[in-house]
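Enquirer: A predicted structure for the sequence below; I have some questions about it.
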Amino acid sequence: MADIQWSDGAPIYRQLKERVIAMMLDGVLKPGDALPSVRQVAADYQLNPITVSRAYQELADEALVEKRRGLGMFVTEEASRKLLSTERERFLHEEWPLVLERIQRLGLGLDDLTRPLRTGGAE
């Protein structure tokens, strides 16, 4: 799960859950892939196993992972589709209005916003 920096702004179980979701969206974790065991994650990141279990349980409650008795937790087949849909909705309703407000406040136009794309990121 790479190096994780925990912030004080949200419960650790929620941050862990968001990290797993990001890995699914990025294609690092694909449908059918096993999640690292609760014990392994707890040991690697010095977390309480209950914290890891809570994050995994929320992922299971949302049908993003499924528990296979004796084998562990696995990414479901529909996880990518579900996540993409819910993350797009969340972005459009929660994040985009704030971005748009900032764009308007700064008086930026379409040309300003697309210039980095046309110049390869260099000014």
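Expert: Cool, got the structure. Not measured: the values here are computed from a predicted model.
Enquirer: mind checking pLDDT for Arg118?
Expert: You'll see Arg118 listed with a pLDDT of 75.
Enquirer: please apply the same query to Glu89.
Expert: So, for Glu89, pLDDT stands at 92.
Enquirer: show me the shaky parts of the protein.
Expert: Scanning the chain for pLDDT under 70 picks out 1-3, 120-123.
Enquirer: find the centremost residue of it, please.
Expert: Residue closest to the average C-alpha location in the chain (Cα atoms, centre = their mean): Ala22, at 2.7 Å.
Enquirer: mind checking what secondary structure that one has?
Expert: helix (DSSP: H, G, I helix; E, B strand; the rest coil).
Enquirer: what about Leu117, helix or strand, and which?
Expert: Assigned by DSSP states H and E, Leu117 falls within helix 110-118.
Enquirer: any idea which helix or strand comes after the helix or strand containing Arg81?
Expert: For Arg81, the host element (DSSP H and E) is helix 79-90. Sequence-wise, the next helix or strand downstream of helix 79-90 (DSSP H and E) is helix 96-106.
Enquirer: quick check: angle from that next one to helix 79-90?
Expert: If you take axes from the mean of the first three to the mean of the last three Cα atoms, to 10 degrees, helix 96-106 sits at 40 degrees to helix 79-90.
Enquirer: could I get helix 96-106 in CSV with only the CA atoms?
Expert: The C-alpha coordinates for helix 96-106 follow below in CSV (Å, rounded to 0.1, in the frame of the first residue of the first chain):
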residue,chain,number,x,y,z
TRP,A,96,-16.2,20.9,-8.8
PRO,A,97,-18.4,23.7,-7.4
LEU,A,98,-15.5,24.8,-5.2
VAL,A,99,-13.1,24.6,-8.1
LEU,A,100,-15.4,26.6,-10.3
GLU,A,101,-15.9,29.2,-7.6
ARG,A,102,-12.2,29.6,-7.3
ILE,A,103,-11.7,29.8,-11.0
GLN,A,104,-14.3,32.6,-11.2
ARG,A,105,-12.9,34.4,-8.1
LEU,A,106,-9.4,34.4,-9.8
